[in-house]
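Participant: the sequence and its predicted three-dimensional model are supplied below.
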Amino acid sequence: MPDRHRSGRGRGRWRWRWRRWLGVLATGAVYVISWRLTDIDLGRLVHGLSTMWGWAARSWPPTTRELDLILERAGETVAIALIGTTLASVIALVVCVPAARNLTPNKFVRIPARLLLNTLRGVDSFVFALLFVAAVGLGPFAGMLGIAFHASGSIGKLFAEAIEDLPSGPIEAAELTGASRLETVSYAIVPDALPALASVALYMFEFNIRSSVVLGVVGAGGIGQQLRNSIELLDFPRLLTIVLVILVIVTVIDQLSSRLRRALA
């Protein structure tokens, strides 16, 4: 018996070592393939860095020319993120209830709701914005719709997880009183989950501010459009001004949002 146990332990260690080496080889193969697919060329990087250094030297000092237009477009970027995140939160509130396991045990309802959230989350806001630019034309409206559709998937998933983490006591107590689903959600779910839901929405607003800047590059409005124009015209002082405005906006929004989320915690 002892010999059989030792033999079994020996085979187990052998298998573990082979699996470990196979894992190392597979990981190495993935990195080699990824290196080739990304066409990494350090020589081009060195040349590009010298070019960018020349642009940086030509960008100083930043200009205040068209500052009013830049600030107006910056406000547009914040508005895209604000309205987009708000609309996304409303969509998420509607879909997260059938997607939460503790509220919807029926898998024929829950799984389609989860698939919808995964689909919205899986398509990037950049892709949604491109589609809406083709559908509704250039401008911030397309950007706002792109933000709203993508963010609704992410917010809905986080909302559903926040609801699933709630204690079951208040929900069961509400159901025992004969409360309808809407009443259960209104009186037993929302008051307890509200701080977590608000924290998720604020976090996504921070994220969407940065996304809204990028969306401008594809013609979806905001300060990103001005950024692209300055790069195309090689107007580096104006480009530096825009970058500084973006940094100020992102920093201020991040700080305000972080303080609000800490207050809600």
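Facilitator: Sure thing, it's come through.

Participant: pLDDT below threshold where in the chain?
Facilitator: Low-confidence regions of the chain, defined by pLDDT under 70, span residues 1-9, 264-265.

Participant: scan it for its longest helix.
Facilitator: When the chain is parsed with DSSP state H, its longest helix is helix 2-37.

Participant: list the buried residues in the next helix or strand after that helix.
Facilitator: Per DSSP states H and E, the first helix or strand lying C-terminal to helix 2-37 is helix 42-59. Applying a neighbour-count criterion of 16 or more other Cβ atoms under 10 Å, one finds Ser59 buried in helix 42-59. C-beta: built from backbone N, CA, C; applies to glycine.

Participant: neighbouring contacts of helix 42-59?
Facilitator: 234, 236-237, 239-240 (Cβ atoms under 8 Å, 6 or more residues apart in numbering).

Participant: I'd like the next helix or strand past it.
Facilitator: helix 67-99.

Participant: so which elements touch that next one?
Facilitator: Judged by 3 or more Cβ pairs under 8 Å, 6 or more residues apart in numbering; DSSP states H and E, helix 67-99 is in contact with helix 107-122, helix 140-164, helix 190-215, helix 223-232, helix 236-264.

Participant: centre of the chain versus it, how much separation?
Facilitator: 13 Å (Cα atoms, centre = their mean, to the nearest Å).

Participant: got a list of what the most centrally placed residue in the chain touches?
Facilitator: If you average the C-alpha coordinates of the chain and look for the closest C-alpha using Cα atoms, centre = their mean, you land on Phe207, 5.8 Å from that point. Listed by Cβ under 8 Å, 6+ apart, the contact partners of Phe207 are Ala151.

Participant: can you rerun that using 6 Å?
Facilitator: Contacts were defined as Cβ atoms under 6 Å, 6 or more residues apart in numbering; by that measure Phe207 touches no other residue.

Participant: just give the closest residue to Thr64, not the sequence neighbours.
Facilitator: Leaving aside its sequence neighbours, Thr64 sits nearest to Thr241 (Cβ to Cβ, 6 or more residues apart in numbering; 7.1 Å).

Participant: doesn't Pro62 make contact with that neighbour?
Facilitator: Yes - the pair Thr241 and Pro62 qualifies as a contact (Cβ atoms under 6 Å) at a distance of 4.2 Å.

Participant: so between these two, which is more surrounded?
Facilitator: The residue with more neighbours, out of Thr241 and Pro62 and counting by other Cβ atoms under 10 Å, is Thr241; that gives 22 against 17.

Participant: gap between the more buried one and Glu66?
Facilitator: Using Cβ to Cβ, to the nearest Å, one gets 9 Å for the distance from Thr241 to Glu66.

Participant: again with Gly139
Facilitator: From Gly139 across to Glu66, the span is 19 Å (Cβ to Cβ).

Participant: what does Asn118 give?
Facilitator: From Asn118 over to Glu66 (counting by Cβ to Cβ), the distance is 42 Å.

Participant: equivalent analysis for Phe207, please.
Facilitator: According to Cβ to Cβ, Phe207 and Glu66 sit 28 Å apart.

Participant: circling back: any idea how far the residue nearest to Thr64 is from Leu67?
Facilitator: With distances defined as Cβ to Cβ, the gap from Thr241 to Leu67 amounts to 7 Å.

Participant: also Tyr203?
Facilitator: Applying Cβ to Cβ, the value for Tyr203 to Leu67 is 31 Å.

Participant: for those two, indicate the residue with more neighbours.
Facilitator: Using other Cβ under 10 Å as the criterion, Tyr203 and Leu67 rank with Tyr203 on top: 17 against 14.

Participant: how many residues are close by Phe126?
Facilitator: Other residues lying near Phe126 total 15 when counted by other Cβ under 10 Å.

Participant: touching, Val136 and Ala142? I think so.
Facilitator: Yes - using Cβ under 6 Å, Val136 is in contact with Ala142, at 5.4 Å.

Participant: between the two, which has more neighbouring residues?
Facilitator: Ala142 (25 against 11).

Participant: with adjacent residues omitted, what lies nearest to that one?
Facilitator: Nearest-residue entry for Ala142: Phe132, 3.9 Å, with adjacent residues in sequence omitted and distances by Cβ to Cβ, 6+ apart.
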